[in-house]
Structures are given as C-alpha cells and as structure tokens.
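Engineer: give the three-dimensional model of this entry:
(2 chains)
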Amino acid sequence: VIHLYAIADALVPEPPPGIDGAPVEQLGFGGLVAVVSRHQGGLARTTEMALAHAQVVADICAAGSALPVRFGSGYADAEQLRDAVAESEPRFRALLERVAGCVELGLRARTPPSASADRVGADDGGTEGEGAAAPEEGSPEGAAQGSGRAYLERRLTEQRAREAELVRSRQRIEQAAALMPPTREAVMRMGRQGPEMVFLVVRTDVDGFARAAGQIAEEQQLLLTGPWPPYSFVEDAGDG
Amino acid sequence: MAESEPGWELAAELDALLERGRAIDAKPEDVQRGLAALVLTLIDFLRELMERQALRRMDGGDLTEEEIERLGRTFIALNERMDELKETFGLTDEDLNLDLGPLGKLR
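Structural biologist: Got it, this is the predicted structure:
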C-alpha cells in the first residue's frame, strides 16, 4: 500500500524518514509531487500511527511547500494514486498557492465546551437517566408514567445549554481574535474541540504572531495551538 | 487526498478490519469485537440523529403527549440496550467514538 503524506509542487529537499522508518519516496505526477512511503498491507489505524504520520507530515511541510494530508490516505498502487492526484490537480495547485510558505495556528477554549456534548445520550441517558426518572427501572415498559417525557425534556434542556455554550465560546474566540495581529487568513470553524479560529500565518511571521497572540490568548483564558501544517486551509477549501 | 475527507469512512474502517483479520496472528474475537464496535458506532450515531429529530419535533409542538412519552421511553430502552451490547463486547464509549488520533473522531 502506498501511504500518502503530502502533495507538493516541487521535490521536497531532504525528506524525513516515513512511518516505521520506511524510506520516503517522491512520485512526480504531471508537475505535482506525491510524498509517500510504501508499506506491506494497510497501516494500523492507531493513535500512535496517526501521530507518527503527523510528525512526518510536519517535517515534510517544514522542509518544503506542501499540502498536508491527514492520516489514512492509502492507495493500492502508483496508478491509483496518479488518478487521484490527476483528478484533483487544479484544486491542489490552487491550494498550494493559498498556503505557500504558511503554517497554521489555532485559537480555542482551554476546555472544550461540553467535551462530552454529543455523547451525553449514551453516557448518562441509559443509566442516570431512567434511574432518576423511573424508580422501578429494569424494563422501560414498566417505568413510571411520564418518564419518557421527563427524559426528552431533560435532553432538550441539555441540548439548549450546549448550544448556548457554543455561542458564548465562539463569541469569546472572535473577540480575542479581533485583537490579534492580522494574518493572511483567519477562519472560524467547528473543530473537534469546539469552535476554533484558525489562522494562516506566513512562516517568517510566526514568532511575532505567536508572541502577540499567545499573550492575548492567555489574558482571555483561551488556548493558542500550533504552529501546525496548514491542514484546515487545505481541507476547508471547498466551503471557503 | 481523494480519500482524506475529514471525518470517517466506513469503507476504510472495513478495509482496516479485514486487513487485521487476514493477519497470521489474527484472533477471531478481536475481529468480531472490531466489527461490533463499528456496528454499534453506527447504531449510536443513528440513535442520536433520531433523538435530535424527536427533540426538534417536540420543541416545535408537533408531537402529542402520548407520542412524546412513547418516544422518550423508546430512547431510554435504546440506551439500555446499547449499554448491554457494549458490555457484552467489552466496549467503552471511547471505542465507539473511534478515536483516530489526529485524524479525528467520528463525532
């Protein structure tokens, strides 16, 4: 399996070793370069593997101008990869131009708003939920009258509280971001850790930006992360 | 990149599972557990979608008292059943969240 790390528009000088020390190869496809390594079978989808992948990608992006690719892009052979690259070539070129010489930083809440937000149903619905609402529990059919409504109402209240929290979190981030030095791009997005403002920053400006922005983040009790390879600006390209 | 859409891909998950199953030292119970995690994740995802829809309709006044009660109980029962299945297969909520590291989570 050919494992893809990044797409570049020129050979990346001195690429790092790949996952498990596999040699990194650079396959040229019509002016674009796919930075890959070959592995027997698919790579295990573990956190360790994903972290190893992220490290290789970070090294590649630091060495040259490249589009980072998330962990999990495997291709059966060079042919398949070539087709995939060819299919997206105009998009890749536009993205390469967009993120050329840039890294990404993120601004988000220190503790994600309701980290368990989407999991509440499974987490407490089944246990604490009917336990509280239906004293006799066991079979839901035998539960106290009104327990079904009580459950849904509780879930509705939780959902509203979560939504309000997300709005508040977004506002805090936007206000803090407004105080930060201008960057090439700044986009608000819904990250895994809640609302997040991602900044596309020219590599040479990173130190200055990180210093100024880091201080503001500190004052506003927010978290500035990065610099990362510009994943968000490569992936969110479709929806701007 | 064509395959690197953010989020989660059933095909890729199934491939990985199959790949693991083909390994010389593969244990059938591990593969079974992996498949159970996938299936339960999907069920839980659907349950959540349904619940959101139910809440929306309740909020919009589209449901009768009786329907609300019945739906609420259905979700309670579903949650219970999910917990049972998770226990049977020795899975935690984290397993169902399919943590793929930097790749992200299903939800």
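Engineer: phi, psi of residue A:29?
Structural biologist: Dihedral pair for residue A:29: phi -130, psi 100, per degrees, to the nearest 10.
Engineer: that one contacts residue A:84, correct?
Structural biologist: No - Residue A:29 is beyond contact range of residue A:84, at 9.3 Å (criterion: Cβ atoms under 8 Å). Heads up, the C-betas are built off the backbone N, CA and C, glycines and all.
Engineer: the two - which one has more neighbours?
Structural biologist: Legend: neighbour count by other Cβ atoms under 10 Å in any protein chain shown for residue A:29 and residue A:84, higher for residue A:84 (20 against 17).
Engineer: that one and residue A:2, how far apart?
Structural biologist: 10 Å (Cβ to Cβ, to the nearest Å).
Engineer: list residues touching both of these two?
Structural biologist: Counting by Cβ atoms under 8 Å, 6 or more residues apart in numbering or on different chains, the residues touching both residue A:84 and residue A:2 are residue A:75.
Engineer: quick check: mean pLDDT of the longest helix along chain B?
Structural biologist: With DSSP state H setting the assignment, residue counts place helix B:28-59 as the longest helix in chain B. Mean pLDDT, helix B:28-59: 86.
Engineer: buried set for that helix?
Structural biologist: Neighbour-count burial for helix B:28-59, counted by 16 or more other Cβ atoms under 10 Å in any protein chain shown, picks out B:31, B:34-38, B:40-41, B:44, B:47-48, B:51, B:54-55, B:58.
Engineer: and the helix or strand that that helix is followed by, C-alpha only, in PDB?
Structural biologist: Downstream of helix B:28-59, the first helix or strand assigned by DSSP states H and E is helix B:65-88. Provided in PDB are the C-alpha atoms of helix B:65-88 (Å, rounded to 0.1, in the frame of the first residue of the first chain):
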ATOM      1  CA  GLU B  65     -48.400  13.900  24.800                       C
ATOM      2  CA  GLU B  66     -48.600  10.200  24.100                       C
ATOM      3  CA  GLU B  67     -46.100  10.300  21.300                       C
ATOM      4  CA  ILE B  68     -43.600  12.200  23.500                       C
ATOM      5  CA  GLU B  69     -44.000   9.700  26.300                       C
ATOM      6  CA  ARG B  70     -43.600   6.800  23.900                       C
ATOM      7  CA  LEU B  71     -40.600   8.200  22.100                       C
ATOM      8  CA  GLY B  72     -38.900   9.100  25.400                       C
ATOM      9  CA  ARG B  73     -39.300   5.600  26.600                       C
ATOM     10  CA  THR B  74     -38.000   4.200  23.300                       C
ATOM     11  CA  PHE B  75     -34.800   6.200  23.700                       C
ATOM     12  CA  ILE B  76     -34.400   5.100  27.200                       C
ATOM     13  CA  ALA B  77     -34.800   1.500  26.200                       C
ATOM     14  CA  LEU B  78     -32.400   2.000  23.200                       C
ATOM     15  CA  ASN B  79     -29.800   3.500  25.600                       C
ATOM     16  CA  GLU B  80     -30.200   0.500  27.900                       C
ATOM     17  CA  ARG B  81     -29.800  -1.900  25.000                       C
ATOM     18  CA  MET B  82     -26.700  -0.100  23.800                       C
ATOM     19  CA  ASP B  83     -25.200  -0.400  27.200                       C
ATOM     20  CA  GLU B  84     -25.900  -4.100  27.300                       C
ATOM     21  CA  LEU B  85     -24.300  -4.600  23.900                       C
ATOM     22  CA  LYS B  86     -21.300  -2.600  24.800                       C
ATOM     23  CA  GLU B  87     -20.800  -4.600  27.900                       C
ATOM     24  CA  THR B  88     -21.200  -7.900  26.000                       C
END
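Engineer: list the buried residues of the next helix or strand after helix B:65-88.
Structural biologist: Using DSSP H and E, the helix or strand that follows helix B:65-88 towards the C-terminus is helix B:93-96. Under the neighbour-count criterion of 16+ other Cβ under 10 Å, helix B:93-96 has B:95, B:96 buried.
Engineer: show me what helix B:93-96 packs onto, helices and strands only.
Structural biologist: helix B:28-59, helix B:65-88 (3 or more Cβ pairs under 8 Å, 6 or more residues apart in numbering or on different chains; DSSP states H and E).
Engineer: got the buried residues for the last one?
Structural biologist: Judged by neighbour count using 16+ other Cβ under 10 Å, the buried positions of helix B:65-88 are B:68-69, B:71-80, B:82-83, B:86.
Engineer: that one packs against which elements?
Structural biologist: Packed against helix B:65-88 by the contact rule (3+ Cβ pairs under 8 Å, 6+ apart) you find helix A:130-133, helix A:147-178, helix B:28-59, helix B:93-96.
Engineer: for residue A:79, state which of the buried residues of helix B:65-88 is nearest.
Structural biologist: Comparing these against residue A:79 with Cβ to Cβ places residue B:86 closest, at 41.7 Å.
Engineer: what distance do you get for the nearest residue to that closest one once chain neighbours are set aside to residue B:52?
Structural biologist: Computed as Cβ to Cβ, 6 or more residues apart in numbering or on different chains, the closest residue to residue B:86 that is not its neighbour in sequence is residue B:40, at 6.6 Å. Distance of residue B:40 to residue B:52, computed by Cβ to Cβ: 19 Å.
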